[in-house]
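J.: A structural model of the following input is requested.
(3 chains)
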Amino acid sequence: MDRKRNIIVLLTDFGNDTPYPGVMKGIIKSINPSVEIIDLTHNISPFSIEEGMFVLWRNYKYFPKGTIFVCVVDPGVGSKRKILLITTKNYLFLTPDNGIISGVLWDNAEVIKSIISIENKKYFIFPTSRTFHGRDIFAPVAAYLSLGVKSRDFGHEIEFYRIKRLLYPVIKKCNNTFIGRVMHIDRFGNIVTSFAKEKFHKLLENKEFYILIKNKKIANLKNTYSEAVAGIPTLIWNSFDCLEIFIKEGNAAKVLHVNLGHEVILKT
Amino acid sequence: MDRKRNIIVLLTDFGNDTPYPGVMKGIIKSINPSVEIIDLTHNISPFSIEEGMFVLWRNYKYFPKGTIFVCVVDPGVGSKRKILLITTKNYLFLTPDNGIISGVLWDNAEVIKSIISIENKKYFIFPTSRTFHGRDIFAPVAAYLSLGVKSRDFGHEIEFYRIKRLLYPVIKKCNNTFIGRVMHIDRFGNIVTSFAKEKFHKLLENKEFYILIKNKKIANLKNTYSEAVAGIPTLIWNSFDCLEIFIKEGNAAKVLHVNLGHEVILKT
Amino acid sequence: MDRKRNIIVLLTDFGNDTPYPGVMKGIIKSINPSVEIIDLTHNISPFSIEEGMFVLWRNYKYFPKGTIFVCVVDPGVGSKRKILLITTKNYLFLTPDNGIISGVLWDNAEVIKSIISIENKKYFIFPTSRTFHGRDIFAPVAAYLSLGVKSRDFGHEIEFYRIKRLLYPVIKKCNNTFIGRVMHIDRFGNIVTSFAKEKFHKLLENKEFYILIKNKKIANLKNTYSEAVAGIPTLIWNSFDCLEIFIKEGNAAKVLHVNLGHEVILKT
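T.: Take a look at the predicted model:
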């Protein structure tokens, strides 16, 4: 037996309006009544692996070491895509093999210790549906993991180069131009971009720069929301430590007509 | 004293945008700090007893035995409708006497052991409002139940034939035609019908059949979402083990203009 | 060390569609794995201190004594506004100094025992963002409080008259006319006003009175929703113990075109 884990975190695109997250909790609690379950979010845009990857990447480190992350943004459910258990230095991630883990792996701190392809049906709910692996595979496997079942009992090890990974969503076009994307829009209409502080802060320090989005130029960077002028699109290094476009007392995504995935150009 | 129960599951139509589920948890934890509370859903369509019945029916069995289900879809709150505590072989259900329990009782496994009409005001919050029995009656009664208070202490027993039950929402029109209904639509726009696998699978096995909805004929049945052709309405036995109409990479409910309760015809 | 606290309640305007509440829970559980976290609501209208104040005021008393309320409706995040820890006779409240505590203080039962301005960075997440104090200050401070760290360790005491408070949102215009406001609209479209039962019940007992909203006169008061006539705007003392305008089998807010903050006149 491996050591017990106390916390399972759920990240899905099921939505808060469905009973699916509740059912997953029913399964988990049936197997391990004492594990704690925390919802990170169930509102990843339907099928958006990239948004799920982003939200996981920017937030996993705020959870206790040893946390098991169960990430079900899984357009390929029922197909032959693998389900992976990725154990890193500090955490465990149970995800479809669709690249949702990519962001975590860009962080140098999260060295991979093992990758297992989940195959042992002993740990699945039977009968196993082909439409809801969240309930029938992810939930029970996470629960057995939290009880201390060893990773190797769930399937066989696979090599790092064989798993699917997404590219970091910023392309360097030339020395002073980078093309990124909108990764997340929150309920305030704040537009969160793929420009991460740890990758761009040094480059941009003490330098003029601006953002182009929908041909609109945004150049004023503030340290807090309250410093901004109401109604004017403004930049901030936000709580995800990414470059964000916001409008004080307004909804930036609505005003700028921006959706998830939209191109964002950064120029110095 | 009866034995203690560890889990209370909430199913309501209060919505996730209201503080009502949180307040119910406050009451429960005031009475029994150690009981676990799981949200099955708070997004049953307002006043839709039938959708509540359906979601409860298709999901209760995924929770640990001994779970107390608190189901508050209750358009009759404050009227003379009874509140029932229904103890079955494996579970306890606290529901208004409005038929929301019906689905559970269609399952042969769930033999009824007792039905109590909740009347003992000793276990209510005082003063007891006439608008929010979820907080003032359901929550405290569930909490005292979880502490081990005996069913009979909450009121007097009533007979099975006296409680309200809904009919199974499929009518056999003739030998090859069945009329069912849309029971649930999820955030992906998947249309879940009342045709349950355990009732129709044998009849439909190795037989051609199709669905008529809004005069549209849908005949292609797939085993997984990924097998379908994008944009084409398709059938699947879904994770509720019911016949579902979905559109790969699309929103079936929007495309077909279908709402909750809509008629669905199955022809063989 | 002070005594341990078992429950932390979250009230924010982050929305259920964001990962922010989940991240706060990650921080809290990293510091105190055994504390219980309950969501009161994350759907206060963005930046609406008044609605947050109202929802906290009408609901806090349903939680166990000793509960720590973490209230993050905080348009001034990152500015010089203080963060307060207000200890009352029965509860602890961690809030921005923006008046969100006001309702609680109108209740005579909640005598203030101390007010601390949170300043001790030892208990903050480092680095401390200027955009997400919910994660970096409120969550860890609440967690350390729940572990029994003394209030005085978090900062220095400040006097009652120095904190920001809102006025009770009802003005007496003349002997028989009071002007209140819409404080909350729920998913059923019920319009909850600022006329609280404990303040108006005696005055209105055995007296004719009516409500004017959008020049529409509403005079029929019912004890339960089920007594009302479908489609007709009706009054009720609701589960918040406030005067509410509802339409049976309808959506009052939509029919009457009423928004949060709208004026409501009560005449006797």
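J.: helix/strand/coil for the residue nearest the centre of chain A?
T.: Of all residues in chain A, the one closest to the mean position by C-alpha atoms, centre = their mean is A:Leu56, 2.5 Å from it. Of the three states, A:Leu56 takes helix under DSSP: H, G, I helix; E, B strand; the rest coil.
J.: and it, how close does it get to C:Ser30?
T.: For A:Leu56, the distance to C:Ser30 equals 17 Å [C-beta to C-beta, to the nearest Å]. For the C-beta atoms, the positions are set from N, CA and C on the backbone; glycine is no exception.
J.: one more: A:Trp237?
T.: 23 Å.
J.: between those two, tell me which one has more neighbours.
T.: Shown here are A:Trp237 and C:Ser30; by other C-beta atoms under 10 Å in any protein chain shown, A:Trp237 has more neighbours (21 against 18).
J.: list the contacts for the more buried one?
T.: A:Lys197, A:His201, A:Leu221, A:Leu243, A:Glu244 (C-beta atoms under 8 Å, 6 or more residues apart in numbering or on different chains).
J.: now do the strand of greatest length in chain A: which elements does it pack against?
T.: Determined from DSSP state E, the single longest strand within chain A is strand A:177-185. If contacts are counted by 3 or more C-beta pairs under 8 Å, 6 or more residues apart in numbering or on different chains; DSSP states H and E, strand A:177-185 sits against helix A:49-59, strand A:171-174, strand A:191-196, strand A:263-267.
J.: what's downstream of the least confident helix or strand in chain A by mean pLDDT, the next helix or strand?
T.: Ranked by mean pLDDT, DSSP states H and E, the weakest helix or strand in chain A is helix A:197-204, scoring a mean of 90. Downstream of helix A:197-204, the next assigned helix or strand under DSSP states H and E is strand A:210-213.
J.: give me the sheet partners of that following strand and which way each runs.
T.: strand A:216-218 (antiparallel), strand A:263-267 (antiparallel) (DSSP bridges).
J.: most tightly packed of those strands?
T.: The highest mean neighbour count among the strands paired with strand A:210-213, using mean count of other C-beta atoms under 10 Å in any protein chain shown, belongs to strand A:263-267: a mean of 19.
J.: could I get the average pLDDT for stretch A:254-268?
T.: Summarised as a single mean, pLDDT over stretch A:254-268 is 95.
J.: what about it, start to end distance?
T.: Stretch A:254-268 has an end-to-end distance of 26 Å (criterion: C-alpha to C-alpha, to the nearest Å).
J.: right, and chain B sits closest to which residue of the stretch 101-250 of chain A?
T.: Of all residues in the stretch 101-250 of chain A, A:Phe132 sits closest to chain B, at 3.1 Å by C-beta to the nearest C-beta.
J.: stretch A:69-81 vs chain B: in contact?
T.: Yes: Stretch A:69-81 is in contact with chain B by C-beta under 8 Å from any C-beta of the partner chain, via A:Pro75, A:Gly76, A:Val77, A:Gly78, A:Ser79.
J.: do the same with stretch A:24-35
T.: Yes: part of stretch A:24-35 sits near chain B under the criterion C-beta under 8 Å from any C-beta, namely A:Lys25, A:Gly26, A:Ile27, A:Lys29, A:Ser30, A:Pro33.
J.: got these as a markdown table, with distance to chain C and secondary structure columns?
T.: Listed next are these as a markdown table, based on distance: C-beta to the nearest C-beta, whole Å; DSSP: H, G, I helix; E, B strand; the rest coil:
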| residue | distance to chain C | secondary structure |
| --- | --- | --- |
| A:Lys25 | 14 | helix |
| A:Gly26 | 19 | helix |
| A:Ile27 | 20 | helix |
| A:Lys29 | 15 | helix |
| A:Ser30 | 21 | helix |
| A:Pro33 | 15 | coil |
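J.: could I have the buried ones of these as PyMOL selection syntax?
T.: Filtering the residues of stretch A:24-35 next to chain B down to the buried ones (16 or more other C-beta atoms under 10 Å in any protein chain shown) takes a single PyMOL command:
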select buried, chain A and resi 25+26+27+29+30
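J.: and the nearest residue to A:Val170 once chain neighbours are set aside, how far is that from C:Arg130?
T.: Leaving out its chain neighbours, the residue that sits closest to A:Val170 by C-beta to C-beta, 6 or more residues apart in numbering or on different chains is A:Gly180, at 4.4 Å. To C:Arg130, A:Gly180 is 22 Å away according to C-beta to C-beta.
J.: same check on A:Lys199?
T.: For A:Lys199, the distance to C:Arg130 (C-beta to C-beta) stands at 20 Å.
J.: so for C:Asn6, which of the helices and strands packed on strand A:177-185 sits nearest?
T.: Closest of those to C:Asn6 is helix A:49-59, at 25.9 Å (criterion: C-beta to C-beta).
J.: what packs against that closest one?
T.: So helix A:49-59, by 3+ C-beta pairs under 8 Å, 6+ apart, packs with strand A:7-12, strand A:36-41, strand A:68-72, helix A:102-106, strand A:177-185, strand A:191-196, helix C:20-31.
J.: ranking by neighbours, what's the top pick from the contacts of A:Trp237?
T.: A:Leu243 (26 neighbours).
J.: ok but it is inside a strand, no?
T.: Yes: A:Leu243 forms part of a strand when assessed by three-state DSSP.
J.: so who does the residue lying closest to A:Gly103 once chain neighbours are set aside touch?
T.: Excluding its sequence neighbours, the residue lying closest to A:Gly103 (C-beta to C-beta, 6+ apart) is A:Trp57, at 2.4 Å. Going by C-beta under 8 Å, 6+ apart, A:Trp57 touches A:Ser102, A:Gly103, A:Val104, A:Trp106, A:Asp107.
J.: list the contacts of the third one.
T.: Contacts here follow C-beta under 8 Å, 6+ apart; on that basis A:Val104 touches A:Leu56, A:Trp57, A:Tyr60, A:Ile86, A:Thr88, A:Tyr91, A:Phe93, A:Glu110.
J.: show me what from chain A comes close to chain C.
T.: Residues of chain A lying near chain C by C-beta under 8 Å from any C-beta: A:6-7, A:9, A:11, A:16, A:36, A:38-41, A:43, A:55, A:59, A:62-64, A:67, A:186-188, A:223-227, A:236, A:238-239, A:241, A:249.
J.: repeat the analysis, applying 7 Å as the threshold.
T.: Selection of chain A residues close to chain C by C-beta under 7 Å from any C-beta of the partner chain yields A:6-7, A:16, A:36, A:38-41, A:43, A:55, A:59, A:62-64, A:186-188, A:223-226, A:236, A:238-239.
J.: show the buried residues in those.
T.: Those of the residues of chain A next to chain C that meet the buried threshold are A:6-7, A:16, A:36, A:38-41, A:43, A:55, A:59, A:62-64, A:186-188, A:225-226, A:236, A:238-239, by 16+ other C-beta under 10 Å.
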